[in-house]
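Q: I need the structure of the sequence given here:
(one chain, ligands or ions: 2)
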Amino acid sequence: MIENLETNLPRTLAHFGIFGSIGKIIEGPLITEVEFKLAEGTKFANVEKMTRDIARELGVSGVRAKEIPNSTYICFEVPQPQATTIPFPPLVYSAEFVRATYALPICVGVNMRGEPLMKDLSKMPHLLVAGTTGSGKSVGLNTFILSLINKKTPEELQLVLIDPKRIEFSMYNNQKYMYRPVITDMNEASTCLEQLVNEMNYRYTLFEQQMVRNIGEYLEKGFKMPYIVCVIDEFADLIMFDKTVEKQVLQLAQKARASGIHLIIATQRPSVDVITGTIKANLPTRLSYKVSSPTDSMIILNSLGAEMLLGRGDSLLLEENGTLTRVLGAYVSNQEILNMLEPYRIKDTQQKFSNILAEQRQQAQEQANQNYRDHLEAEQQKTISWKIRNWWEKIGKVNQRRIINFFITIAMGIISGMTGSSAKKKSTSDVISSATNRAVGSVKRSIKAQAKKAVTDAVLNSLKKK
Ligand SMILES: Nc1ncnc2c1ncn2[C@@H]1O[C@H](COP(=O)(O)OP(=O)(O)OP(=O)(O)O)[C@@H](O)[C@H]1O
Ligand SMILES: [Mg+2]
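A: Ligands and ions are numbered 1, 2, ... in the order given. All right, here's what the predicted structure looks like:
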C-alpha cells in the first residue's frame with residue numbers, strides 16, 4: 001500500500017474540491033480499496049471524471065472510483081506499488097474449482113480481496129473480451145480454455161479456436177478436444193461458423209424429436225452431446241476481412257445458448273464498427289482489460305473505468321445482471337499450458353478431428369431413426385388391418401387351415417346347392433344354412449380328431465416312459 005493513504009488521499013481530493021471522510025481501507029493483491037464518504041451535494045460523476053488527475057497527484061498509474069451499491073460511501077481503488085501475479089495452476093487445482101458443479105466452469109481470476117472467482121460460461125451465455133494490445137486478453141483466453149479442459153472430458157467438450165494472428169492457439173492443434181484444427185486462415189473462419197450454425201439447427205431438431213428444450217435436459221435423458229465452445233482471438237481482424245461472419249456470430253449469439261454452443265470473442269479494437277449495437281445486445285457478459293480511452297470503456301462496459309486499469313490481466317467483468325466486478329486474471333505460461341495439455345494430446349497423427357462428434361452424431365441419428373420406426377409401428381398397431389393380421393399370425397397354422405377349410409366348405413356347398421338338378425333345388429337360405437352346417441361339422445370333426453390324437457400321444461408317451 002502506498003504510504004499514509006488515509007491522510008494523502010483526502011488531501012489530494014481536497015485539491016480538486018472533493019471533500020468528505022475516509023471509511024474502511026482494504027488491502028488486496030492488486031489495489032487498496034479506500035472507502036470515502038463524499039460531502040453532501042458532491043456529484044459522483046464529477047469525482048469519476050477527475051480520477052486521472054488524482055492518480056497523477058498520488059504518483060500512481062491509475063485510480064478508479066466506483067459507487068458501492070446501497071451505501072453512502074464510494075470507493076477509490078488505488079494500485080499497490082508492486083504488481084502482483086496470480087499463477088493459474090493453483091487456482092485451477094484449488095478445492096473450490098475442483099468442487100464447482102457448473103456446466104462450463106471458468107476460472108476468471110481473483111477479486112480484489114484475492115478470492116478466486118469462478119463463473120459458468122453456459123449461464124453467461126457468451127463472453128465478449130476487449131483490451132488494448134498487451135493487456136492480457138490472450139493469456140485470459142488460455143486460462144478460460146484450460147479451466148474448461150480441466151473440468152470436462154473430450155466427450156463433453158469440443159473446442160473451435162479461431163486465431164487470425166496464427167500464434168496464440170497453435171499448441172491446441174493436436175488435442176482430443178478440437179472440433180477441427182485451429183483456424184488461422186480467415187477464409188475458413190466463415191465456413192466453420194456456418195458449420196456451427198448448422199450444428200445448432202441440427203441439435204434443435206434432435207431436441208424436438210426427444211421433446212426436450214435444451215442440452216441439459218437432453219443429457220439428463222442419457223444421450224451424449226458435447227458442449228462446443230468457440231473462441232475467436234481478434235474479432236476485429238475477422239470482421240474487417242469478411243463481413244458475413246457478423247451475421248453468423250449473431251445467429252449463434254441469439255440462438256445457440258440452449259444448444260450448448262457458446263462463444264468467447266476477443267477484440268483489441270472495441271470500436272462501434274466492430275462491437276455493433278446488435279452484437280452488444282446479444283453478448284451481455286463482457287470482460288474488459290485495460291483499454292486506451294474512456295470512449296472504449298463506454299463502448300464495452302457502458303461505463304468509465306476500464307481506461308484506468310493497470311494492464312497485466314487487470315480487468316472489469318460486466319455480468320448479465322449489470323454488476324461490475326474488478327478481477328485480476330491469472331497468469332499461465334506457455335510451458336504450463338503444454339503441461340496441462342499433455343494428457344490429451346493425440347499421439348496417433350492419423351486420427352481425425354471431431355471423431356467424437358461424428359460418433360455421437362451417428363448414435364443420435366440411429367436413435368432418432370429407431371424412435372421414428374417405433375412411432376410408425378405404434379401408429380400401425382392402431383389400424384384394423386394390423387389387428388386382423390396380428391390375430392391371424394397368433395392363432396397358428398392348424399387353426400388357419402381350419403378357417404380356410406371352413407370357408408371353402410361353405411363356398412363349395414353353396415356352389416353345388418345352387419347348380420344342382422332342379423328337382424333337388426332348395427331356397428338360397430337353405431343352401432347357405434346346410435353349407436354352413438357341413439362346414440361347422442367338418443371343423444368339429446377336425447377338432448375332435450386333434451384332441452383324440454393329443455390324448456393318444458400323451459398315453460403312448462407315458463407308457464413309453466414306464
Ligand atoms: N494475468 C496476468 N498476470 C501477469 N502478467 C500478465 C497477465 N496477463 C498478461 N500478462 C503479461 O502481459 C503480456 C501480454 O499479454 P497478452 O499476450 O495476453 O496480451 P494481449 O491482450 O493478447 O495482446 P495482443 O492484443 O497484442 O495480442 C504477457 O506476455 C504477460 O507478460
Ligand atoms: Mg493476444
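Q: On the pLDDT front, check Ser315 for me.
A: Note for Ser315: predicted pLDDT of 96.
Q: mind listing what the closest residue to ligand 1 within the stretch 251-400 of the chain touches?
A: Nearest to ligand 1, among the residues of the stretch 251-400 of the chain, is Gly313, at 2.3 Å (C-beta to the nearest ligand atom). Backbone N, C-alpha and C define where each C-beta goes, glycine included. Counting by C-beta atoms under 8 Å, 6 or more residues apart in numbering, Gly313 makes contact with Thr85, Ile86, Gly109, Ser135, Gly136, Val139, Gly140, Tyr289, Leu328, Gly329, Ala330, Tyr331.
Q: and the nearest residue to the last one once chain neighbours are set aside, what are its phi and psi?
A: Spatial nearest neighbour of Tyr331, chain neighbours left out: Thr85 (5.0 Å); criterion: C-beta to C-beta, 6 or more residues apart in numbering. Thr85 has phi and psi values of phi -110, psi 130 when expressed as degrees, to the nearest 10.
Q: What parts of the stretch 351-466 of the chain come near ligand 2?
A: Within the stretch 351-466 of the chain, no position is adjacent to ligand 2 by C-beta under 5 Å from the ion.
Q: what does the stretch 51-200 of the chain give?
A: Lys137, Ser138.
Q: quick one, strands of the stretch 51-200 of the chain?
A: When assigned using DSSP state E, counting those that start in this stretch, the strands of the stretch 51-200 of the chain occupy the ranges 64-67, 73-79, 86-87, 105-110, 116-120, 127-130, 157-162.
Q: Now tabulate these in CSV and tack on mean neighbour count.
A: Output for the strands of the stretch 51-200 of the chain, formatted as CSV (neighbours: other C-beta atoms under 10 Å):
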stretch, mean neighbour count
strand 64-67, 19
strand 73-79, 21
strand 86-87, 16
strand 105-110, 24
strand 116-120, 19
strand 127-130, 28
strand 157-162, 24
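Q: Tell me who's in contact with the nearest residue to the residue of the stretch 251-400 of the chain closest to ligand 1 once chain neighbours are set aside.
A: Nearest non-adjacent residue to Gly313, counting by C-beta to C-beta, 6+ apart: Gly329, 3.2 Å away. Shown in contact with Gly329 (C-beta under 8 Å, 6+ apart): Ile86, Val108, Gly109, Gly136, Val139, Gly140, Thr143, Tyr289, Gly313, Asp314, Ser315.
Q: The last one belongs to a strand?
A: This points to Ser315. Yes. The assignment for Ser315 by DSSP: H, G, I helix; E, B strand; the rest coil puts it in a strand.
Q: Measure how buried the residue lying closest to it once chain neighbours are set aside is and give me the count.
A: Distances taken as C-beta to C-beta, 6+ apart put Tyr289 closest to Ser315, at 4.7 Å, once the chain neighbours are dropped. Counted with other C-beta atoms under 10 Å, the neighbours of Tyr289 add up to 28.
Q: hang on, Tyr289 packs against Gly140?
A: Yes. Between Tyr289 and Gly140 there is a contact at 7.1 Å, judged by C-beta atoms under 8 Å.
Q: intersection of neighbour lists for those two?
A: Val129, Gly313, Ser315, Gly329.
Q: now, among these, which is nearest to Ala306?
A: Proximity of the shared contacts of Tyr289 and Gly140 to Ala306 (C-beta to C-beta) peaks at Ser315, which lies at 7.9 Å.
Q: do you know how far that closest one is from His15?
A: From Ser315 over to His15 the distance is 30 Å, taken as C-beta to C-beta, to the nearest Å.
Q: Look at those two and report which has more neighbours.
A: Ser315 (28 against 11).
Q: what's the burial count for the residue nearest to Tyr331?
A: Neighbours of Thr85 (other C-beta under 10 Å): 13.
Q: rewinding a little: would you list the strands of the stretch 51-200 of the chain in JSON lines and tack on distance to Thr276 and mean pLDDT?
A: Converted to JSON lines, these look like this (distance: least, C-beta to C-beta, whole Å; pLDDT from 0 to 100):
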{"stretch": "strand 64-67", "distance to Thr276": "27", "mean pLDDT": "93"}
{"stretch": "strand 73-79", "distance to Thr276": "31", "mean pLDDT": "94"}
{"stretch": "strand 86-87", "distance to Thr276": "33", "mean pLDDT": "94"}
{"stretch": "strand 105-110", "distance to Thr276": "25", "mean pLDDT": "95"}
{"stretch": "strand 116-120", "distance to Thr276": "25", "mean pLDDT": "95"}
{"stretch": "strand 127-130", "distance to Thr276": "11", "mean pLDDT": "96"}
{"stretch": "strand 157-162", "distance to Thr276": "19", "mean pLDDT": "95"}
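Q: Dump those into CSV; add distance to Glu194 as well.
A: Below are the strands of the stretch 51-200 of the chain laid out as CSV (distance: least, C-beta to C-beta, whole Å):
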stretch, distance to Glu194
strand 64-67, 41
strand 73-79, 43
strand 86-87, 38
strand 105-110, 26
strand 116-120, 27
strand 127-130, 21
strand 157-162, 12
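Q: Select, out of these, the one closest to Phe19.
A: Between the strands of the stretch 51-200 of the chain, strand 73-79 lies closest to Phe19; by C-beta to C-beta that is 12.7 Å.
Q: Tell me the neighbouring strands of that closest one, and mark each as parallel or antiparallel.
A: strand 31-38 (antiparallel), strand 64-67 (antiparallel) (DSSP bridges).
Q: thinking again about what came up before, now the residue of the stretch 251-400 of the chain closest to ligand 1: how far from Leu58?
A: Going from Gly313 to Leu58 by C-beta to C-beta gives 22 Å.
Q: same thing with Leu250?
A: According to C-beta to C-beta, Leu250 and Leu58 sit 44 Å apart.
Q: Look at these two and report which has more neighbours.
A: More crowded of Leu250 and Leu58, by other C-beta under 10 Å: Leu58, with 20 against 16.
Q: Sketch out the low-pLDDT regions of the stretch 301-450 of the chain for me.
A: 348-358, 360-361, 421-425 (pLDDT under 70).
Q: Okay, strands next: where are they in it?
A: Going by DSSP E, counting those that start in this stretch, the stretch 301-450 of the chain shows strands at 314-318, 324-328, 330-331.
Q: right, is the second one up against ligand 1?
A: No. Figure legend: strand 324-328 not in contact with ligand 1 (C-beta under 6 Å from any ligand atom); closest approach 6.8 Å.
Q: Start and end of stretch 285-301, how far apart?
A: From its first residue to its last, stretch 285-301 covers 9 Å (C-alpha to C-alpha, to the nearest Å).
Q: which residue sits closest to the residue of the stretch 51-200 of the chain found nearest ligand 2, ignoring its sequence neighbours?
A: The minimum distance from the stretch 51-200 of the chain to ligand 2, using C-beta to the ion, falls at Ser138 (3.2 Å). Take Ser138 and drop its neighbours on the chain: the residue closest to it by C-beta to C-beta, 6+ apart is Glu168, 4.8 Å away.
Q: Give the burial count for the one you found, as a bare number.
A: Using other C-beta under 10 Å: Glu168 sits among 21 other residues.
Q: Ramachandran angles for it?
A: Dihedral angles for Glu168 - degrees, to the nearest 10 - are phi -80, psi -40.
Q: Now do it against ligand 1, distance only.
A: 7 Å (C-beta to the nearest ligand atom, to the nearest Å).
Q: List the contacts of that residue.
A: For Glu168, the contacting residues are Ser138, Leu141, Asn142, Asp233, by C-beta under 8 Å, 6+ apart.
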